[in-house]
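# Structure of the sequence below:
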Amino acid sequence: MSYSITLVTLDGNKIQFNCEPSQTVQDAAENAGFFPPAICKMGSCGSCLAVCDTGDYELKNYSEGLLPSETEESKAVLLCRTYPQSDLMIHAPYNSDRIQNHQKTPRDATIIEIKVLAERTMSLVLQLSEDEEQGLGFDFEAGQFVELEREDLNLKRAYSIANTANWEGRLEFLIRLQDQGKFSQFLKDQAAVGQALKVHGPSGTFGLQGQSLNPRCFIAGGTGLAPFLSILRRMAEWGEDHPTQLFLGVNNEAEIFCHQELKDLQQSLSKLEVTICVWKPSDKWEWFRGTPADALGVYLKQTDVLPDIYLCGPPRLVEITTEMVLEQGINAENIYCERFG
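Numbers count the residues shown, from 1 in each chain. Next up, the predicted model:
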């Protein structure tokens, strides 16, 4: 027998489809012609996070730290690891326009710039080839990601876009080099200007939510800065000078990057405050000593208006920060997260 799945989006739209007990909710949705945001489909990225309000299910193996703590009122799930045992009502943390009705054809792109920004951090800039439907342009919401693929090496990895939507087909990424990462090895040892990649997407639901008048706090762990750069650049382009605090965390001074870029954005956005947080600084430093969660805690104790919280970084940073701001009285619906492994 199959079960009825109802997926309710933030804007109140409902999508219904059937799911076999042996299927994941994500696979069943795609078989029905709906494509909710997802990347790995293995329970390791968190991009298909949702909340199951009613019904029974089995949640199979997933990476530790991807799901927030469960409460009696709601249960967090990953659509790619959720197997129904009854009809389910699931609430998605995004509007219905983030659910595609077809799989997008990947775009061809060429590396036009690759450089080291800081210790273990590189900048990669791509130029898209012209598309029959979109021309050179690439439309996306600030905060979204794409998957970059090198077909001959069987490599595909997801990265947030650091620039804004444009008609020139230019895409910029901030990539942290991982010791055992295959894509990191490609960037360090093989990648060069002129080489080809394929771009899948855009996808993802991270970004500014609603029309809240609350101040915004952006908490970035390392290259988790990328979606915030896109958002801040978009704010500068649109002249949206909203009270915003950015807390960027790195391990040491050698890992600091995009400092000048952030200073330039502060010239355009007079209400933007930037705090560089260094976990293990040298004896002489001009940065905040500690993590972005530590710096955010100091800020919250000094402000009279509770902000909206936006988090992008390793699961542990997201988890610690979320627990802290909930204790400070910020509502869960005012916390927006993008986790990465």
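# starting at the chain centroid, how far to whichever helix or strand Thr6 is part of?
Counting by DSSP states H and E, the element that carries Thr6 is strand 3-8. Relative to the chain's own centre, strand 3-8 is displaced by 25 Å; criterion: CA atoms, centre = their mean, to the nearest Å.
# Any buried residues in it, and which?
Buried positions in strand 3-8, judged by neighbour count with 16 or more other CB atoms under 10 Å: Tyr3, Ile5, Thr6, Leu7, Val8. Where C-beta positions appear, they are placed from N, C-alpha and C, glycine not excepted.
# So which elements touch it?
strand 14-19, helix 25-31, strand 88-91 (3 or more CB pairs under 8 Å, 6 or more residues apart in numbering; DSSP states H and E).
# longest strand in this structure, by residue count?
Secondary structure of the chain per DSSP state E: the longest strand is strand 107-118.
# Pull up the pairing partners for it, direction included.
strand 121-128 (antiparallel), strand 196-203 (antiparallel) (DSSP bridges).
# Among these, which comes closest to Asn166?
Closest to Asn166 of those, according to CB to CB: strand 121-128, at 9.8 Å.
# ok, residues contacting the closest one?
Residues from elsewhere that reach strand 121-128 (CB atoms under 8 Å, 6 or more residues apart in numbering): 107-117, 136, 138, 148, 169-177, 187, 191, 197, 199, 222-223, 255, 257.
# Please check the residues you listed and keep the buried ones.
For the contacts of strand 121-128, buried by 16+ other CB under 10 Å: 107, 109, 111, 114, 117, 138, 148, 169-177, 187, 191, 197, 199, 222-223, 255, 257.
# Out of those residues, which sit inside strands?
Reading strands off the buried ones among the contacts of strand 121-128 with DSSP E, I get 107, 109, 111, 114, 117, 148, 170-176, 197, 199.
# Show me where this structure has its helices.
25-31, 182-189, 225-238, 259-268, 292-302, 315-327 (DSSP state H).
# then the longest strand of the chain to CSV, C-alphas only?
Only the C-alpha atoms of strand 107-118 are listed here, as CSV (Å, rounded to 0.1, in the frame of the first residue of the first chain):
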residue,chain,number,x,y,z
ARG,A,107,24.9,24.7,-17.8
ASP,A,108,28.4,24.6,-19.3
ALA,A,109,31.0,26.9,-17.7
THR,A,110,34.6,27.8,-18.0
ILE,A,111,37.1,28.7,-15.2
ILE,A,112,38.1,32.4,-15.7
GLU,A,113,39.8,33.0,-12.4
ILE,A,114,41.2,30.8,-9.6
LYS,A,115,43.3,32.2,-6.7
VAL,A,116,44.2,31.7,-3.1
LEU,A,117,42.5,34.1,-0.7
ALA,A,118,43.9,32.8,2.6
